[in-house]
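> build me a model:
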Amino acid sequence: MYQFLQWVATLPVLALIAWKLLWIARHFRQTDVVVVMPEGGFGHTIHGPDVARRLYVGQRTVFVVLSEYQRHNCASSLIWPDISVFFLPLSIGFRASGRAWAFGQTPWLKNVIPPIIFALARWMSGSRIRRSTLMQLYTDIPVNEAYRREIAVIPAHRRHHLAVFRLMDETPAPPPVHLPDKIRQPVVERLARLRNSSDIQERLCALYLRQRGPGDASTFGRDGSTPDEYRAAIQLLVASGYQVLLTGDRILSVELYEEFRGMLLDYRFAKVDRKLFNIFAATEPHIFIGEHGGGSLLPGINRIPRLLVNMFPYYVALPHSWMYYKTVTDETGKMIHFKTLFSKYPYDFELPGMTLHSNTSNELAAAVKAFISDIAHPGPDPYANVLAGLSDNVWIKHLNDARLSPAFVRLFEGS
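Numbers count the residues shown, from 1 in each chain. Now for the predicted structure:
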């Protein structure tokens, strides 16, 4: 029955694609550059447009995302002040019983549609328009020879991320990204009404948590801690005057919501559309705390200070951020030093013979306490010498202002 519904849904999906293509094509007459993203997760819907607007400053750019139902947050198309972003739906669906049901998927369209878009762009613009796929866009990022030699130790298919981060640092920053005022202002007012005291400073903290489904090989081991395990950390944040906005894959329990009386919210208790709430929380907070995933990338564009916890695998890091990684124990239960993990297992997702541990409640609280202290009293990295001694095959060695969380380093002191 399900396969029959999939087949029946193909025709309306094709009709929807045709109508959407015609609507997008209207913009090609006034466009200098068109970029198509046929594949990739949420993170690429953020980095792709941001790279395009930095590479093609002053040029009218259209960025088209080919998107399966529920794969991406289409509300991200609203945040860009200097580039037009469109999501082209490749399937339709609905949510029921806590699950998303998608119909009409036709995988071959991901190969067919980009040439059609480029042909439409060429026809509408008289062939003057520049055409690119997402990976071609990343390849076009200029990398000076000194930095190219520095990151040569990183596997080739991982280097484009470093090129993106370097571009963000070296290219004059375009305007910050936000939801339009007519959307963001009602959210601001709603959050203010929910705070439990009018005396609390208007400070926001986004808390981004991950939980992936079984069989998702690309995120093996990257699930994080539950909201309950963050309770002590949230208490520290609230005591410091932060209203915490929970986003990502996990939802807030009624008990936790009532405990923090409006100082801890997700989209349901804030009564805000989920997609808009997630984008608001990633672009508006004063600080960001999150687990590794696409949702941790957007705050970096607005240079929002980030603490990244439950980081895994070990090669991963983000610039202008504090990193607290997962811990690992051997067969005897002894914790393995992070220097060993960084040097011998940076790209190992399975860690045979070892046990991977998400951050504990005490670790999360210690990481947040150190982060709040560092934000309040900015200064040089106290563990820069430890960072300098790490293996060169991890990102954290090649990114500007990427730090190990002081709490993470102290966890291993004496070992």
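> residues near residue 343, how many?
As a burial measure, residue 343 scores 15 neighbours (other Cβ atoms under 10 Å). From N, CA and C alone the C-beta is placed, and that goes for glycine too.
> one more: the one 10 residues further on?
Counted with other Cβ under 10 Å, the burial measure for residue 353 works out to 7 neighbours.
> secondary structure element for it?
Remark: residue 353 resides in no helix or strand, with elements defined by DSSP states H and E.
> that one reaches residue 331, doesn't it?
Yes - checked against Cβ atoms under 8 Å, the pair residue 353 and residue 331 is within contact range at 6.1 Å.
> let me see the contact set for residue 289.
205-208, 233, 237, 306-309, 368, 371 (Cβ atoms under 8 Å, 6 or more residues apart in numbering).
> among those, which ones are in helices?
Among these, the members found in helices (DSSP state H) are 233, 237, 368, 371.
> just the residues you listed now: which is nearest residue 71?
Closest approach between the ones in helices among the contacts of residue 289 and residue 71, by Cβ to Cβ: residue 233, at 30.0 Å.
> quick check: that closest one touching residue 365?
Yes - counting by Cβ under 8 Å, residue 233 touches residue 365, with 4.8 Å between them.
> residue farthest from the centroid of the chain?
Outermost residue of the chain with respect to the C-alpha centroid, by Cα atoms, centre = their mean, is residue 126; its distance is 36.7 Å.
> pLDDT at that one, what is it?
pLDDT for residue 126: 75.
> so where do the helices sit in the stretch 301-415 of the chain?
Ranges of helices in the stretch 301-415 of the chain, per DSSP state H, counting those that start in this stretch, are 338-344, 361-376, 384-388, 406-410.
> counting contacts, what elements does the last one pack onto?
Helix 406-410 makes packing contacts with strand 321-325, helix 361-376 when contacts are defined by 3 or more Cβ pairs under 8 Å, 6 or more residues apart in numbering; DSSP states H and E.
> ok, and which of these has the densest surroundings?
Neighbour counts (mean count of other Cβ atoms under 10 Å) averaged over each of those peak at strand 321-325, with a mean of 25.
> give the partner strands of it in its sheet and their orientations.
Sheet partners assigned to strand 321-325 using DSSP bridges are listed as strand 306-311 (parallel), strand 402-404 (parallel).
> what's the closest of these to residue 66?
That would be strand 306-311 among these, by Cβ to Cβ, at 28.8 Å.
> that older thread, now the helices of the stretch 301-415 of the chain in TSV, with mean pLDDT and distance to residue 287?
Converted to TSV, the helices of the stretch 301-415 of the chain look like this (pLDDT from 0 to 100; distance: least, Cβ to Cβ, whole Å):
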stretch	mean pLDDT	distance to residue 287
helix 338-344	96	24
helix 361-376	97	6
helix 384-388	95	21
helix 406-410	97	15
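> give the residue spans of the chain that score low on pLDDT.
Counting by pLDDT under 70, the chain contains low-confidence ranges at 1-9, 94-104, 196-201, 212-222, 414-415.
> any idea how it splits into domains?
The chain breaks down by automatic domain parsing into domains covering 2-140, 196-410.
> of these, which is nearest residue 158?
It's domain 196-410; of the domains of the chain, that one is closest to residue 158 (Cβ to Cβ) at 7.0 Å.
> returning to what we had before: make a markdown table from the helices of the stretch 301-415 of the chain and add distance to residue 399 to it.
Below are these laid out as a markdown table (distance: least, Cβ to Cβ, whole Å):
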| stretch | distance to residue 399 |
| --- | --- |
| helix 338-344 | 14 |
| helix 361-376 | 17 |
| helix 384-388 | 10 |
| helix 406-410 | 16 |
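> hang on, residue 56 packs against residue 34?
No - counting by Cβ under 8 Å, residue 34 is not a contact partner of residue 56; they are 10.6 Å apart.
> so between these two, which is more surrounded?
Ranked by neighbour count (other Cβ under 10 Å), residue 56 and residue 34 place residue 34 first, with 28 against 19.
> how many neighbouring residues does residue 58 have?
Using other Cβ under 10 Å, residue 58 has 8 other residues around it.
> secondary structure class for it?
Here residue 58 is recorded as coil under DSSP: H, G, I helix; E, B strand; the rest coil.
> quick one: the helices in the stretch 151-300 of the chain, in order.
159-170, 181-194, 231-239, 254-260, 267-270, 274-283, 298-301.
> tabulate the ones you listed (a markdown table), appending mean neighbour count and distance to residue 109.
As requested, the helices of the stretch 151-300 of the chain are exported to a markdown table (neighbours: other Cβ atoms under 10 Å; distance: least, Cβ to Cβ, whole Å):
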| stretch | mean neighbour count | distance to residue 109 |
| --- | --- | --- |
| helix 159-170 | 19 | 25 |
| helix 181-194 | 14 | 31 |
| helix 231-239 | 19 | 43 |
| helix 254-260 | 14 | 41 |
| helix 267-270 | 18 | 31 |
| helix 274-283 | 23 | 23 |
| helix 298-301 | 24 | 27 |
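> of all the ones you listed, which one is nearest residue 412?
Set against residue 412 and scored by Cβ to Cβ, the helices of the stretch 151-300 of the chain come closest in helix 231-239, at 20.1 Å.
> what is the closest one packed up against?
strand 242-248, helix 254-260, helix 361-376.
> compute the inter-axis angle for it and strand 242-248.
Going by axes from the mean of the first three to the mean of the last three Cα atoms, to 10 degrees, helix 231-239 is angled at 140 degrees with respect to strand 242-248.
> of the strands paired with strand 321-325, flag the one that's most buried.
Across those, averaging neighbours per residue (mean count of other Cβ under 10 Å) puts strand 306-311 on top, at a mean of 26.
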